[in-house]
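> need a structure here:
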Amino acid sequence: MKIKKIMALKVLVVLALALGFTGCSKKGSTKGGSTATGWKINDKKGGFQFNDKFKQQETPPGMISVEGGTFTMGKVQDDVMHDWNNSPNQQHVQSFFMDETEVTNKMYSEYLFWVKTVFPPTEENYKHIYNGAIPDTLVWRNRLGYNETMTNNYLRHPAYADYPVVGVNWIQAVEFSKWRTDRVNENILEREGYLKKDNKIALGTDVTAENSFSTETYINTPSKTFGGNEEVVLKKEMGGGRRAAAEDAKNVYAQRSSGLILPEYRLPTEAEWEYAATALVGNREYNIYKGQKKYPWSGQYTRSSKRQYRGDQLANFKQGKGDYGGIAGWSDDGADITNKVKSYAPNDFGLYDMAGNVAEWVQDVYRPMVDDEANDFNYFRGNVYTKNKIGEDGVVELVTSDNITYDTLSNGRIMARNFPGQIAQVPVDENETYLRTQFSTSDNRNYRDGDRQSTRYYKFTDSEEGAGEEKHRMYEAPKHSITADSLGKMDKKFDKSDKRTTLVDDNVRVYKGGSWRDRAYWLDPASRRFFPQDMATDYIGFRCAMSKVGPKSNKKTPRGNPKK
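Residues are numbered from 1 along each chain as shown. Just a heads-up that it's a prediction; the model follows:
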């Protein structure tokens with residue numbers, strides 16, 4: 001009897017302890033709720049919505065993940081041009097995505113088809129948009145060469161479909177990147193049930209200038225996307241997945257917190273491009289901090305040493321005077337001009353043609369030196385900060401067909417810089433810059449260049465306003481001007497001054513890598529050159545990049561995270 005009582009007491013104690021611990025765990029539990037407030041998250045009745053099931057950023061179409069790291073930027077093996085613009089400096093690049101290949105004629109033609117369909121050049125308001133997007137096919141012409149075949153066929157003919165697009169200036173490459181951002185995010189939102197299925201122009205629906213999709217417009221004011229058409233822009237329960245029907249619980253639009261919308265496509269920075277081309281990941285156990293690698297591939301030569309491909313050229317470049325490919329049938333790189341993408345082996349990141357074929361635009365404004373004293377993380381010169389234009393009613397203002405902004409370039413080409421349905425942009429002002437330590441102006445292209453620290457020839461005046469343009473002008477670059485009269489006739493004024501000492505100004509951009517027209521020296525990833533941003537050639541193309549959000553690596557147990 002006594003033993004039974006003792007056993008019963010033990011059972012009661014165990015139950016009491018269990019209930020006590022259970023009570024404690026419930027008291028502090030945040031399951032399904034906020035760790036800050038305990039409030040429910042993603043409740044179907046409303047409230048804060050957040051994608052707790054997000055795993056990692058979706059790999060964008062056509063891109064390769066490039067894990068960031070440190071490298072020696074600007075280390076060339078030789079300086080045969082005596083530019084002295086490649087002082088080696090240690091830089092760190094954050095992880096990002098980059099196009100596996102250069103943008104091809106077929107990819108760019110898709111862009112032209114969309115622009116021509118949505119902004120018909122037959123309409124007065126849009127007549128300059130399509131013409132401003134077309135590559136300059138006349139770049140193939142030469143006074144003493146017959147190249148009319150490329151002039152007439154290179155961009156459009158299917159024989160050149162997978163060849164890199166050329167004749168594209170820097171501004172056009174940037175506009176293509178913006179267009180690509182919107183089209184990819186539009187496709188993702190349609191796939192996930194936030195946009196009406198089969199609404200894209202690619203499937204034959206009637207998308208016009210006033211009801212086209214803009215990523216930033218959707219994020220800031222979804223109800224105005226597609227001209228405010230609620231039959232196209234849908235709501236749904238967050239986290240429902242692509243299989244969830246649009247008729248399910250319609251609670252929210254997709255936002256940044258959904259984890260679905262990708263960052264913008266853009267041109268890579270010079271640091272990103274050089275890091276990706278060098279691809280030290282393939283021999284990182286040796287000389288990782290010295291960056292001693294002459295080409296995107298290992299070795300000091302441009303021919304393959306592998307037994308199966310011994311003697312084959314590893315890139316498309318000019319081998320000597322009058323020699324753009326070698327003797328037919330032997331020692332040939334397989335191309336007279338450009339070549340089809342993926343014709344040569346990729347580098348250790350899996351990127352093709354990071355040397356040869358075409359040189360490539362990058363984001364940076366050119367300066368003879370990289371200012372590593374100011375920054376050694378994600379280095380980039382060219383930031384021009386803007387913000388959304390807010391109307392008197394406190395709502396963002398959208399661009400309409402009546403207020404498209406056009407720029408007349410120095411060569412007379414007219415290009416649209418914003419499009420109907422996008423949010424109007426204005427420079428940042430004192431509200432954003434006051435008491436900031438990182439930036440103080442909207443335009444930072446000239447930072448630490450043309451100020452007291454950088455030149456003794458800087459022109460100072462008693463009045464900040466009285467200095468005019470020369471106050472921010474360090475280099476004596478030509479100042480061409482072009483204006484149009486009331487009848488649209490162009491008045492072109494070419495600067496013939498003999499006082500000009502350089503072509504460098506805030507409107508010249510860096511381009512990297514060798515091309516089919518270049519000798520082997522330019523295949524070195526560290527080599528750098530510049531060209532006016534509004535001009536194009538037959539040897540400069542481009543590829544896009546995208547910033548990576550989240551962890552540096554997609555490994556299941558990233559370095560720095562404790563294993564469970």
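> ok, the helix or strand containing Gln363: who's next to it in the sheet?
Using DSSP states H and E, the element containing Gln363 is strand 359-365. Using DSSP bridges, strand 359-365 pairs in its sheet with strand 508-512 (antiparallel), strand 540-541 (parallel).
> will you turn the ones you listed into JSON lines that also has mean neighbour count, mean pLDDT and distance to Tyr344?
Bear in mind the C-beta positions are built from the backbone N, C-alpha and C, glycine included. Shown next, in JSON lines, are the strands paired with strand 359-365 (neighbours: other C-beta atoms under 10 Å; pLDDT from 0 to 100; distance: least, C-beta to C-beta, whole Å):
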{"stretch": "strand 508-512", "mean neighbour count": "25", "mean pLDDT": "97", "distance to Tyr344": "17"}
{"stretch": "strand 540-541", "mean neighbour count": "30", "mean pLDDT": "98", "distance to Tyr344": "15"}
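> Ok, which of the ones you listed comes nearest Ala159?
strand 540-541 (17.4 Å; C-beta to C-beta).
> ok, and for the helix or strand that comes right after the closest one, which residues are buried?
The C-terminal neighbour of strand 540-541 among helices and strands, as given by DSSP H and E, is strand 545-547. Burial within strand 545-547, assessed by neighbour count using 16 or more other C-beta atoms under 10 Å, is assigned to 545-546.
> Give me the mean pLDDT for strand 545-547.
Per-residue pLDDT values across strand 545-547 average out to 97.
> Tell me the gap between it and the middle of its chain.
5 Å (C-alpha atoms, centre = their mean, to the nearest Å).
> Who are the packing partners of that strand?
Where contact means 3 or more C-beta pairs under 8 Å, 6 or more residues apart in numbering; DSSP states H and E, strand 545-547 is packed against strand 96-99.
> partner strands of the strand it packs on, parallel or antiparallel?
By DSSP bridges, strand 96-99 pairs with strand 63-66 (antiparallel), strand 545-547 (antiparallel).
> can you put those in CSV and add distance to Arg183?
Shown next, in CSV, are these (distance: least, C-beta to C-beta, whole Å):
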stretch, distance to Arg183
strand 63-66, 14
strand 545-547, 14
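> right, and these - which one's nearest Phe494?
Nearest of the strands paired with strand 96-99 (C-beta to C-beta): strand 545-547, 35.3 Å.
> Tell me where the model's unsure across the stretch 101-250 of the chain.
For the stretch 101-250 of the chain, applying pLDDT under 70 flags the ranges 201-206, 237-250.
> Leaving out the residues flanking it, which one is nearest to the spatially most central residue of the chain?
Nearest to the mean C-alpha position of the chain, counting by C-alpha atoms, centre = their mean, stands Arg266 at 1.5 Å. Distances taken as C-beta to C-beta, 6 or more residues apart in numbering put Ser177 closest to Arg266, at 5.1 Å, once the chain neighbours are dropped.
> burial of that neighbour, as a residue count?
Neighbourhood size, Ser177 [other C-beta atoms under 10 Å]: 20.
> which stretches of the protein form helices?
For the chain, helices defined by DSSP state H occupy the ranges 2-27, 105-118, 127-133, 148-153, 170-191, 215-220, 270-278, 430-433.
> Buried residues in the fourth one, which are they?
Spelled out, it's helix 148-153. 150-151.
> how far does it sit from the chain's center?
The answer for helix 148-153 is 30 Å, by C-alpha atoms, centre = their mean.
> returning to that earlier point: what's the residue nearest to the centre of the chain in contact with, if anything?
174, 177, 363, 544-546 (C-beta atoms under 8 Å, 6 or more residues apart in numbering).
> one step back: surely the residue nearest to Arg266 touches Pro268?
No: contact criterion C-beta atoms under 8 Å: Ser177 and Pro268 do not qualify, at 10.2 Å.
> Name the residues contacting each of the two.
Cys544.
> State the distance from the residue nearest to the centre of the chain to Ala173.
Arg266 sits 10 Å away from Ala173, going by C-beta to C-beta, to the nearest Å.
> can you check Leu262 too?
19 Å.
> Between the two, point out the one with more neighbours.
Per other C-beta under 10 Å, whichever of Leu262 and Ala173 has more neighbours is Ala173, with 26 against 21.
> from memory the more buried one sits against Phe542, does it?
Yes: applying C-beta under 8 Å, one finds Ala173 in contact with Phe542, separated by 4.3 Å.
> Need the overlap of contacts for these two.
With C-beta under 8 Å, 6+ apart, Ala173 and Phe542 have common neighbours 103, 267, 361.
> quick one: which of those residues is nearest to Ile390?
When the shared contacts of Ala173 and Phe542 are compared against Ile390 (criterion: C-beta to C-beta), the nearest one is Leu267, at 28.5 Å.
> how close does Ala66 get to Glu274?
For residue 66 the amino acid is Val, not Ala. Distance of Val66 to Glu274, given as C-beta to C-beta: 12 Å.
> Between the two, tell me which one has more neighbours.
Between Val66 and Glu274, counted using other C-beta under 10 Å, Glu274 has the larger neighbour count: 28 against 23.
> quick one: the more buried one and Asn316, what's the gap?
20 Å.
> next one: Pro427
Pro427 is 42 Å from Asn316, by C-beta to C-beta.
> Same check on Thr149?
Counting by C-beta to C-beta, the gap from Thr149 to Asn316 is 18 Å.
> Any regions of the chain where pLDDT drops low?
1-32, 201-206, 237-251, 282-292, 305-308, 310-311, 330-331, 450-475, 485-488, 556-564.
> count of neighbours near the residue nearest to Ser304 when sequence neighbours are not counted?
Nearest residue to Ser304, sequence neighbours excluded (C-beta to C-beta, 6+ apart): Asp312, at 4.7 Å. Applying other C-beta under 10 Å, we find 17 residues neighbouring Asp312.
> you'd agree Trp39 is up against Phe50?
No: Trp39 lies out of contact with Phe50 (C-beta under 8 Å); the separation is 11.5 Å.
> So between those two, which is more surrounded?
Phe50 (15 against 11).
> returning to what we had before: quick check: which of the helices of the chain is buried the most?
Neighbour counts (mean count of other C-beta atoms under 10 Å) averaged over each of the helices of the chain peak at helix 270-278, with a mean of 26.
> tally of neighbours for Gly550?
13.
> who touches it in this structure?
56-57.
> Swap in 10 Å and give it another go.
Going by C-beta atoms under 10 Å, 6 or more residues apart in numbering, Gly550 touches 54-57, 95, 259, 558.
> Show me the two of those that sit farthest apart.
Gly259 and Pro558 (17.8 Å).
> Just want to know which of those two has more residues nearby.
Comparing Gly259 with Pro558 by neighbour count (other C-beta under 10 Å), the higher total belongs to Gly259, at 21 against 11.
> which residue sits closest to the more buried one, ignoring its sequence neighbours?
Closest to Gly259 by C-beta to C-beta, 6+ apart is Phe54, at 3.9 Å.
> between the helices of the chain, which one is nearest to Lys499?
helix 170-191 (26.7 Å).
> how big is the angle separating the closest one from helix 105-118?
Orientation check (axes from the mean of the first three to the mean of the last three C-alpha atoms, to 10 degrees): helix 170-191 against helix 105-118 gives 80 degrees.
> Show me the strands in the stretch 301-450 of the chain, by range?
359-365, 386-388, 406-408, 414-416, 425-427 (DSSP state E, counting those that start in this stretch).
> now for the third one, which elements pack on it?
Read that as strand 406-408. In terms of contacts (3 or more C-beta pairs under 10 Å, 6 or more residues apart in numbering; DSSP states H and E), strand 406-408 is packed against helix 127-133, strand 414-416, strand 481-484.
> So which bits of that strand are buried?
Neighbour-count burial for strand 406-408 [16+ other C-beta under 10 Å]: Thr408.
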